[in-house]
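1. This is a predicted model, with the sequence first.
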Amino acid sequence: MFANPFNLCLVLGMRAKLSELGSRQKPSDITRLMAIALEQPNMLSLAAGFTDNESLPIGDVHEIVGEIAGSGSAGKAALQYGANKGREGLRALLAKRIRSFDTLSEDALDNERLFISNGSQQALYLAIQTLCDPGDYVLVEQPTYFVFLEILQGFGVNALPMPMEASGEIDVNGLESLLVQAEVDGILEKIKAVYLVSYFSNPSGHCVSEKVKSDLGALLSRQKTTVAVIEDAAYRELYYQDPFESRSSLALEEFANLPVLYTSTLTKPYASGLKVGYSYCSDTNWLNSMLNVKGQQDFGTANFAQAIVEGALESGRFDTHLRALRLLYENKMLTLQESLAPSLKSLGWKWDQPLGGLYLWLQSPNEMRTDADSPFHDSCIEEGVFYVPGDLCFASTGNRDRIRLSFGALNTDEIQEAARRFVAAAASMTKSATA
Ligand SMILES: Cc1ncc(COP(=O)(O)O)c(C=O)c1O
């Protein structure tokens, strides 16, 4: 009998010859760390940016699926391939939603410039794939969304950290000096984009003020080279009490002559498992290029998942769910912070209370290291609690005293227990430092 060639490959240990891009890919830092942590039974993870499990809108989805199934040929069409750009009705609803956040008039945005993606993650990937060549640069905040840094790394693109104020705002004057220096160094032309996580940021919870955003737009508009703007508004709708009063770059006149990609998602505010994200692009060439690549990748985001979120938005179920979710996340944030605060604050730990989003962003006392190789990280694993080391969220080295804690996935009792373990690890470190 002849051996199956596939098995023969395995037997001989033959390996595919990867492309330059393929060889550059490495497992996500957090996936690697989580695999290590999850080997420990009873581990409580404050690491994963997952949404709350209990409140996922399964009842809504059950009803909406019933409505789709009962709607005859329109229902069947939801089980057919859809358009590459996404469902027309959903795109219209989402463009209207952006207009209402940004107090824009009816004719301000063109629905044809809005496309649906497999989560906003896909849009971020398409954006970089179509803008950047290996060796190019993208300006990022410090800290920033660490999976975006991984996309850049995967494409061989350099993340260029922007100077920041102590308040967490971008230091626009400092950035101007950086751009002058970039021109002297001959790399200005290679700076292709700036990436902002502008509302209740992952990881810091920070929001970019309208003034800083406008100053940034004005600065970029004065440059000799075109720097595209990627505004990631993934958490814009996840405020606790009030929306953050800053219009997006789609609405500010300082951005009128810049290519802007505004990207957001229905995963965090509704159902992460449906993986429906959306983006609006002001630049025709860039938009078409992203859509061409999306066409090659998937020729359209899952039509059925889109039909479900469209039904949720249209019927008002989405907003009802979101109102409850805001309260829930505020309560979870307060539970975590109240369980940590008395002990951790007395040990010198610092953080700001966020006004939205899913994260607490902690700074350790006396620059105590919190990275994955630090004694503190080991101590947390021993206690049975897991976090995202903050250094992963920086493009520059040397920021090893930060931690991202996520309160999305655990229930209240688990949050309290995870906080107790975290405090125990922090206290043991202080003891060993003073022993
Ligand atoms: C800042 C930010 N942007 C984008 C995403 C991608 O989210 P999704 O693909 O679920 O829309 C995430 C997910 O955690 C995020 O935190």
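-> Happy to help now that I have it. Residues are numbered from 1 along each chain as shown.
2. only C-alpha atoms for contact and neighbour calcs from this point on.
-> Noted.
3. Please report how far the spatially most central residue of the chain lies from the ligand.
-> For the chain, residue 145 is the residue whose C-alpha lies nearest the centre (Cα atoms, centre = their mean; 5.5 Å). Using Cα to the nearest ligand atom, to the nearest Å, we find residue 145 at a distance of 5 Å from the ligand.
4. Model confidence for that residue, exactly?
-> Looking at residue 145, its pLDDT is 97.
5. Over to it: give its phi and psi.
-> phi -70, psi 120 (degrees, to the nearest 10).
6. Does it touch residue 202 like I think?
-> Yes: between residue 145 and residue 202 there is a contact under Cα atoms under 8 Å: 5.6 Å.
7. and stretch 86-105, C-alpha only, in PDB?
-> Taking Å, rounded to 0.1, in the frame of the first residue of the first chain, the C-alpha atoms of stretch 86-105 are listed here in PDB:
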ATOM      1  CA  GLY A  86     -22.100  44.200   4.200                       C
ATOM      2  CA  ARG A  87     -25.900  44.400   4.400                       C
ATOM      3  CA  GLU A  88     -27.200  47.600   3.100                       C
ATOM      4  CA  GLY A  89     -29.800  48.000   5.900                       C
ATOM      5  CA  LEU A  90     -27.200  47.500   8.600                       C
ATOM      6  CA  ARG A  91     -24.800  49.900   7.000                       C
ATOM      7  CA  ALA A  92     -27.500  52.500   6.800                       C
ATOM      8  CA  LEU A  93     -28.400  52.000  10.500                       C
ATOM      9  CA  LEU A  94     -24.700  52.300  11.600                       C
ATOM     10  CA  ALA A  95     -24.000  55.400   9.500                       C
ATOM     11  CA  LYS A  96     -27.100  56.900  11.200                       C
ATOM     12  CA  ARG A  97     -25.700  55.900  14.500                       C
ATOM     13  CA  ILE A  98     -22.300  57.600  13.900                       C
ATOM     14  CA  ARG A  99     -24.200  60.700  12.700                       C
ATOM     15  CA  SER A 100     -26.100  60.900  15.900                       C
ATOM     16  CA  PHE A 101     -23.000  60.500  18.100                       C
ATOM     17  CA  ASP A 102     -21.200  63.200  16.100                       C
ATOM     18  CA  THR A 103     -24.200  65.400  15.800                       C
ATOM     19  CA  LEU A 104     -23.900  65.400  12.000                       C
ATOM     20  CA  SER A 105     -26.600  66.300   9.500                       C
END
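8. Could you pull out the buried residues of it?
-> For stretch 86-105, a neighbour-count test (16 or more other Cα atoms under 10 Å) marks 86-88, 90-92, 94-96, 98-99, 101-102, 104 as buried.
9. can you list the residues you listed in CSV and add pLDDT and distance to residue 56?
-> Listed next are the buried residues of stretch 86-105 as CSV, based on pLDDT from 0 to 100; distance: Cα to Cα, whole Å:
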residue, pLDDT, distance to residue 56
86, 98, 24
87, 98, 23
88, 98, 26
90, 98, 21
91, 98, 23
92, 98, 25
94, 98, 21
95, 98, 25
96, 98, 25
98, 98, 24
99, 98, 27
101, 97, 24
102, 98, 28
104, 97, 31
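10. Surely residue 115 forms part of a helix?
-> No: assessed with DSSP: H, G, I helix; E, B strand; the rest coil, residue 115 is strand; it does not lie in a helix.
11. burial count for the nearest residue to it once chain neighbours are set aside?
-> Excluding its sequence neighbours, the residue lying closest to residue 115 (Cα to Cα, 6 or more residues apart in numbering) is residue 85, at 4.7 Å. Other residues near residue 85 come to 21 when the count uses other Cα atoms under 10 Å.
12. Next, the contact list for residue 85, please.
-> By Cα atoms under 8 Å, 6 or more residues apart in numbering, the contact set of residue 85 is 114, 115, 116, 117, 291, 300.
13. Who are the packing partners of the biggest helix by length in the chain?
-> Assignment by DSSP state H gives helix 317-346 as the longest helix of the chain. Judged by 3 or more Cα pairs under 8 Å, 6 or more residues apart in numbering; DSSP states H and E, the packing partners of helix 317-346 are helix 303-315, strand 359-363, helix 412-434.
14. gap between it and the chain center?
-> 19 Å (Cα atoms, centre = their mean, to the nearest Å).
15. how much does it deviate in direction from helix 412-434?
-> Taking axes from the mean of the first three to the mean of the last three Cα atoms, to 10 degrees, one finds that helix 317-346 is oriented at 30 degrees with respect to helix 412-434.
16. about what we covered before: among the helices and strands packed on helix 317-346, which is nearest the ligand?
-> Closest to the ligand of the helices and strands packed on helix 317-346 is strand 359-363 (Cα to the nearest ligand atom; 9.8 Å).
17. Go through the buried residues of stretch 86-105 and name the one nearest the ligand.
-> residue 94 (14.1 Å).
18. give me every residue that touches the closest one.
-> residue 278.
19. what's the helix or strand for it?
-> helix 88-101 (DSSP states H and E).
20. interface residues of the protein facing the ligand?
-> Counting by Cα under 6 Å from any ligand atom, the chain comes close to the ligand at 49, 119-121, 145, 197, 202, 232, 234, 265, 267, 272, 275, 277.
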